[in-house]
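Novice: Give the three-dimensional model of this entry:
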Amino acid sequence: MYSKLDLLDSAQLMLSLIPPPDRSVVTWTTLIAGTVQNGHFSSAILHFATMHRESILPNDFTFPCAFKACNSLRSPVIGRQVHALAVKTGQIHDVFVGCSAFDMYSKTGLKDDACKMFDEMPEKNLATWNTYMSNAILEGKPNKAIEAFVKLKKLGGELSSITFRVVLNACADALYLQLSKQVHGFVIRCGYGQHVSVANSFVDCYGKCRDIRSARLVFDGICNHNDVSWCSMVAAYEQNDEGENACMLFLQAMRNNIEPKDFIVSSVISACAGIAGMEMGRLVHAISLKACIDGNVFVGSALVDMYAKCGNLEDCEKVFDEMPERNLITWNALLGGYAHLGHAEMALALFEEMQCGNVIPNYVTFVSILAACSRAGAVDVGMTIFDSMRSKYGIEAGVEHYACVVDMLARAGMVERAYEFIKRMPFDPTVSMWGSLLGACKVYRNNRLGKMAADKLFQLDPQDSGNHVILSNMFAAAGRWEEANVVRMEMKEVGINKNAGWSWITIKNSVHTFQSKDTRHERNKDIQAMLSKLQMQMKGAGYTSDTSLALFDLEEEERESEVWHHSEKIALAFGLCVVPTGLPIRITKNLRICFDCHTAFKFISGITNREIIVRDNNRFHRFINFECSCRDYW
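Specialist: Modelled structure (predicted):
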């Protein structure tokens with residue numbers, strides 16, 4: 001009783017009052033089991049050693065406790081000694097003792113010993129097979145776990161809910177959707193279809209395999225949802241880029257009195273980050289504070305990432321500074337925020353701070369810092385960091401790192417050097433690399449190389465309208481209207497339609513969306529009046545419309561009207577009408593902001609003395625006092 005209640009002093013006192021000749025293996029095992037149960041693994045090993053010195057032989061209950069203590073302490077040396085004693089006493093052939101020894105070897109990293117132990121076991125029960133499959137997944141070998149499941153099924157015998165959950169974890173890790181559906185059918189035949197823990201595993205598995213419809217069907221079929229059910233479904237929506245549904249389901253979970261734990265809260269915060277839903281993110285932040293989980297490292301890291309992706313650097317840094325514990329994900333979140341918000345110098349300073357603080361960077365860290373160098377135009381620094389990845393940190397550069405370097409060279413106007421870098425890469429160039437080169441060729445008017453990059457993009461992604469539009473605009477900017485129109489005609493011939501441009505702004509939890517030349521809003525009269533007022537003020541400040549990228553060869557006045565009524569300008573005019581003075585105006589756009597709107601927003605930020613934050617499909621733009629954080633390259 002005392003040992004199970006974690007009153008170890010009282011338990012040891014009781015043991016000391018028993019004369020040594022009267023202490024049995026049951027007495028010692030009771031103390032050791034209670035000690036392990038309450039997480040005092042070192043004490044459990046000491047009690048096991050004392051028991052051995054008193055010449056009391058462990059039994060089939062004592063050894064599993066000792067192996068679990070060695071496993072938790074990650075001590076294979078002591079584990080080997082316990083194994084040797086189990087062999088001497090003849091207990092190693094017991095199925096539970098053998099399973100515990102196998103689990104210890106697996107979790108302490110002795111994979112060869114674990115395999116040998118598994119093969120030599122004369123009898124394997126279901127727990128042994130479950131342990132084998134679980135450890136295979138932990139090793140990153142889901143196929144090994146699936147093969148074991150198939151072998152176990154052929155051997156016959158009963159399967160448990162744990163077995164199905166383990167094999168579904170393997171299917172999820174390997175992204176085997178069809179196999180998951182086969183297992184689903186088998187589970188129903190075995191009578192586990194309504195088992196809530198198995199159903200939760202199906203929700204998680206289908207979510208990771210990007211079959212969100214099946215995940216929702218399983219979720220809706222659960223009779224008694226528990227915390228894990230709600231968490232799994234929210235995470236599935238977030239993983240499948242359905243942030244709005246994740247937020248709605250989270251609110252429904254709160255109405256059903258589900259306790260806001262760290263997993264579901266961090267998942268919905270990530271969903272808010274994906275849709276730039278800062279108002280909803282603030283609400284979830286408040287819930288985490290009330291639930292006293294804001295100090296959790298995963299929740300804190302998600303909050304840092306969310307505020308960064310919503311363009312709120314002040315709250316992003318505040319959450320980071322107040323976190324009692326930080327991991328590498330936290331540092332990467334802030335570093336990525338600095339990079340995407342255009343604060344390259346701050347990103348480089350944070351990278352130096354990480355190194356001084358013995359925070360070892362990983363693959364993601366270098367993607368963010370190279371992206372920051374690209375934004376800052378720091379080519380020399382970026383190339384030095386890129387070269388140090390392997391030599392200093394032993395990290396092999398991947399596709400993302402090479403893409404950052406291509407983007408960095410292209411942004412700096414070194415388009416020929418970027419093209420040469422692409423040709424020397426150890427793997428085939430990706431869409432993003434050719435896209436970076438094409439965008440730079442448009443900015444720096446290198447039509448020859450731009451046409452070459454566009455041709456590569458058409459081969460790799462023939463249905464992407466954006467690449468065709470960039471090439472057409474590049475020709476239009478050079479006054480080569482015939483070639484621009486040819487590109488447009490080719491788009492029509494193969495059935496490619498230009499994606500409609502949308503801009504939206506959130507006011508008091510209501511989302512207001514706009515398209516180009518949109519007049520449907522209930523406050524359209526105020527919006528048009530604000531646009532006219534801004535146009536007059538901006539012209540007085542020296543602004544002239546850039547009509548070089550207007551879609552057609554129109555008269556100058558028509559082309560000016562064409563670019564002046566883009567969706568982001570209409571959204572900004574509405575924001576100026578309704579957002580109180582002193583607060584930033586936050587706009588999101590599904591396409592890239594055009595050059596004219598970018599210039600206009602710089603003027604408007606200075607004329608109105610407002611901070612304007614635009615998140616387009618490529619990056620953040622923070623306009624303050626006639627300047628943008630992207631330094632006029634996007």
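Novice: Give me the below-cutoff pLDDT ranges for the protein.
Specialist: 461-499, 546-562, 631-634 (pLDDT under 70).
Novice: now the residue nearest the centre of it, what's its secondary structure?
Specialist: What sits nearest the mean C-alpha location of the chain, by CA atoms, centre = their mean, is residue 270, with 7.4 Å. With DSSP: H, G, I helix; E, B strand; the rest coil as the basis, residue 270 sits in helix.
Novice: Isn't it up against residue 306?
Specialist: Yes: judged on CB atoms under 8 Å, residue 270 makes contact with residue 306 at a distance of 7.2 Å. Every residue, glycine included, has its C-beta placed from N, CA and C.
Novice: Give me the neighbour count for residue 67.
Specialist: Residues lying near residue 67 (other CB atoms under 10 Å) number 27.
Novice: what's the helix or strand for it?
Specialist: helix 62-73 (DSSP states H and E).
Novice: mind listing what residue 310 touches?
Specialist: 272-273, 276-278, 281, 586, 615 (CB atoms under 8 Å, 6 or more residues apart in numbering).
Novice: quick one: which of the residues you listed is most hemmed in?
Specialist: residue 272 (30 neighbours).
Novice: Find the residue closest to that one in space, skipping its chain neighbours.
Specialist: residue 281 (3.8 Å; CB to CB, 6 or more residues apart in numbering).
Novice: and the gap between that neighbour and residue 98?
Specialist: 50 Å (CB to CB, to the nearest Å).
Novice: Please narrow the contacts of residue 310 to those residing in strands.
Specialist: Within those, residues falling in strands by DSSP state E are 586, 615.
Novice: List the contacts of the longest helix belonging to the chain.
Specialist: The residue-count maximum for a helix in the chain (DSSP state H) belongs to helix 524-540. With contact meaning CB under 8 Å, 6+ apart, helix 524-540 is reached by 519, 521, 564-565, 569-570, 573-574, 576-577, 600, 603-604, 607.
Novice: repeat for stretch 254-270
Specialist: Outside stretch 254-270, the residues that touch it by CB under 8 Å, 6+ apart are 225, 227, 230-231, 234-235, 238, 246-247, 250, 253, 281, 284-285, 287-288, 291, 293, 296, 298-299, 301-303, 305-306.
Novice: which residues sit in contact with the residue lying closest to residue 262 once chain neighbours are set aside?
Specialist: Leaving aside its chain neighbours, residue 262 sits nearest to residue 296 (4.4 Å; criterion: CB to CB, 6+ apart). By CB under 8 Å, 6+ apart, the residues touching residue 296 are 262, 266, 288.
Novice: what's the neighbour count on the second one?
Specialist: Right, the one you point to is residue 266. Neighbours around residue 266, by other CB under 10 Å: 27.
Novice: who touches residue 40 in this structure?
Specialist: residue 8.
Novice: Same check on residue 440?
Specialist: 410-411, 413, 415, 418, 446.
Novice: Please report the distance of the residue nearest to residue 209 when sequence neighbours are not counted from residue 212.
Specialist: With CB to CB, 6+ apart as the measure, residue 177 is the residue that lies nearest to residue 209, at 4.1 Å, once sequence neighbours are left out. Counting by CB to CB, the gap between residue 177 and residue 212 amounts to 12 Å.
Novice: any shared contact partners between those two?
Specialist: residue 206.
Novice: tell me the contacts of residue 225?
Specialist: 196, 219, 256.
Novice: In PyMOL, select just the buried ones from those.
Specialist: Buried residues among the contacts of residue 225 (16 or more other CB atoms under 10 Å), as a PyMOL selection:
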select buried, resi 219
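Novice: hang on, the earlier thing: can you go through the contacts of stretch 254-270 and name the buried ones?
Specialist: Judged by 16+ other CB under 10 Å, buried ones among the contacts of stretch 254-270: 225, 230-231, 234-235, 238, 246-247, 250, 253, 281, 284-285, 287-288, 293, 296, 298-299, 301-303, 305-306.
Novice: for the helix or strand hosting residue 601, packing partners?
Specialist: For residue 601, the host element (DSSP H and E) is helix 595-608. With contacts taken as 3 or more CB pairs under 8 Å, 6 or more residues apart in numbering; DSSP states H and E, helix 595-608 sits against helix 524-540, helix 567-578, strand 612-615, strand 620-624, strand 627-628.
Novice: so of the contacts of residue 440, which ones are in helices?
Specialist: Those of the contacts of residue 440 lying in helices (DSSP H): 410-411, 415, 418.
Novice: Now neighbour count and distance to residue 7 too, for those, in JSON lines please.
Specialist: JSON lines is the format used below for the ones in helices among the contacts of residue 440 (neighbours: other CB atoms under 10 Å; distance: CB to CB, whole Å):
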{"residue": "410", "neighbour count": "30", "distance to residue 7": "67"}
{"residue": "411", "neighbour count": "25", "distance to residue 7": "65"}
{"residue": "415", "neighbour count": "24", "distance to residue 7": "73"}
{"residue": "418", "neighbour count": "25", "distance to residue 7": "68"}
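Novice: can I assume residue 505 sits in a strand?
Specialist: Yes: the assignment for residue 505 by three-state DSSP puts it in a strand.
Novice: wouldn't it be in contact with residue 587 here?
Specialist: Yes: at 5.3 Å, residue 505 and residue 587 qualify as touching, with contact defined as CB under 8 Å.
Novice: what's the overlap in contacts for the two?
Specialist: Contacts common to residue 505 and residue 587, judged by CB under 8 Å, 6+ apart, are 571, 575.
Novice: who's more crowded, these two?
Specialist: Taking other CB under 10 Å, residue 505 and residue 587 do not tie; residue 587 has more neighbours (27 against 21).
Novice: quick one: terminal-to-terminal distance for stretch 585-597?
Specialist: 15 Å (CA to CA, to the nearest Å).
Novice: Counting neighbours, show which residues of it come out buried.
Specialist: Burial within stretch 585-597, assessed by neighbour count using 16+ other CB under 10 Å, is assigned to 585-589, 591-597.
Novice: Likewise for stretch 117-137?
Specialist: Within stretch 117-137, the residues that count as buried by 16+ other CB under 10 Å are 117-118, 121, 124, 127-137.
Novice: which residues are contacting the helix holding residue 67?
Specialist: 25, 28-29, 32-33, 35-36, 39, 41-42, 44-45, 48, 51, 58, 76, 78-79, 82-83, 86, 91, 94, 96-97, 99-101, 103-104, 107-108.
Novice: So which of the residues you listed are in helices?
Specialist: Per DSSP H, the contacts of helix 62-73 map to helices at 25, 28-29, 32-33, 35-36, 41-42, 44-45, 48, 51, 76, 78-79, 82-83, 86, 96-97, 99-101, 103-104, 107.
Novice: Pull out the buried residues from these.
Specialist: 28-29, 32-33, 35-36, 41, 44-45, 48, 51, 76, 78-79, 82-83, 86, 96-97, 99-101, 103-104, 107.
Novice: Could you export the contacts of residue 296 as JSON lines, including secondary structure and distance to residue 532?
Specialist: Formatted as JSON lines, the contacts of residue 296 follow (DSSP: H, G, I helix; E, B strand; the rest coil; distance: CB to CB, whole Å):
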{"residue": "262", "secondary structure": "helix", "distance to residue 532": "51"}
{"residue": "266", "secondary structure": "helix", "distance to residue 532": "46"}
{"residue": "288", "secondary structure": "helix", "distance to residue 532": "45"}
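Novice: and of these, the nearest to residue 398?
Specialist: Distance ranking of the contacts of residue 296 against residue 398, using CB to CB, places residue 266 first at 25.7 Å.
Novice: So residue 23 sits against residue 15, correct?
Specialist: Yes: the criterion here is CB under 8 Å, and residue 23 meets it with residue 15 at 7.0 Å.
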